[in-house]
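Chemist: Fold the following and give me the result.
(chains A and B)
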Number of protein chains: 2
Amino acid sequence: MSKKEYVSYGSCAVGVPGSKEGIAGIRFNLAPMSDDFVDIILSSLENVDTSMVWSETDPTSTVYRGRESAVFDSVRAVFSQAYHDDVHMSIHMTISKGCPGDHDADYTLDYDDKRINNRNSREISFPVVGKFSLYPMGSDNYMSLIEEVVNNGIDRGVFAGSGHYTTYLQGDVHDVFDYLEYVAERAGKDVSHYIIEASLFCNLPEGESL
Amino acid sequence: MSKKEYVSYGSCAVGVPGSKEGIAGIRFNLAPMSDDFVDIILSSLENVDTSMVWSETDPTSTVYRGRESAVFDSVRAVFSQAYHDDVHMSIHMTISKGCPGDHDADYTLDYDDKRINNRNSREISFPVVGKFSLYPMGSDNYMSLIEEVVNNGIDRGVFAGSGHYTTYLQGDVHDVFDYLEYVAERAGKDVSHYIIEASLFCNLPEGESL
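Modeler: Numbers count the residues shown, from 1 in each chain, chains lettered A, B, ... in the order given. A predicted model of the protein is given here:
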């Protein structure tokens, strides 16, 4: 009988990021609700310059790791490149930094030009609706940080209401990505480990208004 | 000029669930990657008996709230009812209990028979792959709880590996839902507020193996 290989996080200390280099990461998957989903997903991943991030795709999702700005630049590019006028599509993202179980591996931090896809991405503009939740870990004052970032979304005009377990977003795709990047930056100043769970949707049968 | 209506979570105390009744909830969305996505989503939602949960659907997602067992029964039923042999589909779930900002509203807790859809759901069986992350909030020892539940997944045979920011799952859809329900119950014993982010996928072009 083979011995089970259990996981162990015993060496992790909460409040101490496992990565000392400040690696941020996004795990995401696209869901184009179309018979052509394979082509849409694969061609969008191929159209993005991922030379500024570490990248890995498995059957469930893709991960980008590196500088926070490079990671956001890459995922914004994927969603923009995947856009088709007539296809309802969602992207589901887990944005994370500072996990105590992380390691200084699988990343790229060595470059200056961190928004290599920005010009191409911003040529494609479309309205989205979405939702996000911020999870500041290991903190006993996490609700005030959440309040602050939600109110920033109100100031920016991308806030579209509060719901159970989530905050709704709506606006131009780039305004919403700019906001999510702000949320990540702001959270990283307050806590050593945060996760943002976010989903964006385009071409909804109901239209892009909540 | 109209005054902006900011949110305020100032009355929230971490460690004190906003709901005193122990309301659990799931916010989820189905993504059938098919031209028939509207019919698949709407017919599956209609085929589920939601009399044991509070339910609300918006353009981004659906929420069920009530007893934890009833909430899991309902979402398991939605995903099972939405299954089509030839359609690649994902479900994205945010499972949450004990948020300090929650309220004793929008719920159903008054019934004894909490698994009203169970028999119908279990008549439909299919393999899935998936991924999940557990976020125990307001705790300074959260990595040990995560370790415990991941190792339980190894014992059950649904663990399919660790990845950046996630733990992979694979197995029969009901074994995987049983496991996620265990994770929720176990987390609820350790912390007053937890979130589980989980995605399941069926009929992958690559097959249901990671």
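Chemist: Please make it C-alpha for all contacts and neighbour counts, starting now.
Modeler: OK.
Chemist: A:Val53 is in contact with A:Ala105, isn't it?
Modeler: No - checked against CA atoms under 8 Å, the pair A:Val53 and A:Ala105 is beyond contact range at 11.9 Å.
Chemist: More neighbours: which of these two?
Modeler: Between A:Val53 and A:Ala105, counted using other CA atoms under 10 Å in any protein chain shown, A:Val53 has the larger neighbour count: 28 against 12.
Chemist: Next up, the contacts around the more buried one.
Modeler: Counting by CA atoms under 8 Å, 6 or more residues apart in numbering or on different chains, A:Val53 touches A:Tyr64, A:Arg65, A:Gly66, A:Arg67, A:Ala70, A:Val71, A:Ser74, A:Tyr107, A:Thr108, A:Leu109.
Chemist: now A:Gly101
Modeler: The neighbourhood of A:Gly101, defined by CA under 8 Å, 6+ apart, consists of A:Tyr9, A:Cys12, A:Pro17, A:Gly18, B:Met143.
Chemist: Can I get the residues you listed in TSV including pLDDT and distance to A:Glu123?
Modeler: Shown next, in TSV, are the contacts of A:Gly101 (pLDDT from 0 to 100; distance: CA to CA, whole Å):
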residue	pLDDT	distance to A:Glu123
A:Tyr9	78	44
A:Cys12	67	43
A:Pro17	86	36
A:Gly18	84	37
B:Met143	87	42
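Chemist: could I get those residues as a markdown table with distance to A:Tyr135, neighbour count and secondary structure?
Modeler: Formatted as a markdown table, the contacts of A:Gly101 follow (distance: CA to CA, whole Å; neighbours: other CA atoms under 10 Å in any protein chain shown; DSSP: H, G, I helix; E, B strand; the rest coil):
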| residue | distance to A:Tyr135 | neighbour count | secondary structure |
| --- | --- | --- | --- |
| A:Tyr9 | 20 | 14 | coil |
| A:Cys12 | 19 | 18 | coil |
| A:Pro17 | 15 | 21 | coil |
| A:Gly18 | 18 | 21 | coil |
| B:Met143 | 15 | 23 | helix |
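Chemist: closest to B:Ile95 among these?
Modeler: Ranked by distance to B:Ile95 (CA to CA), the contacts of A:Gly101 are led by B:Met143 at 18.5 Å.
Chemist: now check the longest helix seen in chain A, is it near chain B?
Modeler: When chain A is parsed with DSSP state H, its longest helix is helix A:173-190. No - figure legend: helix A:173-190 not in contact with chain B (CA under 8 Å from any CA of the partner chain); closest approach 14.1 Å.
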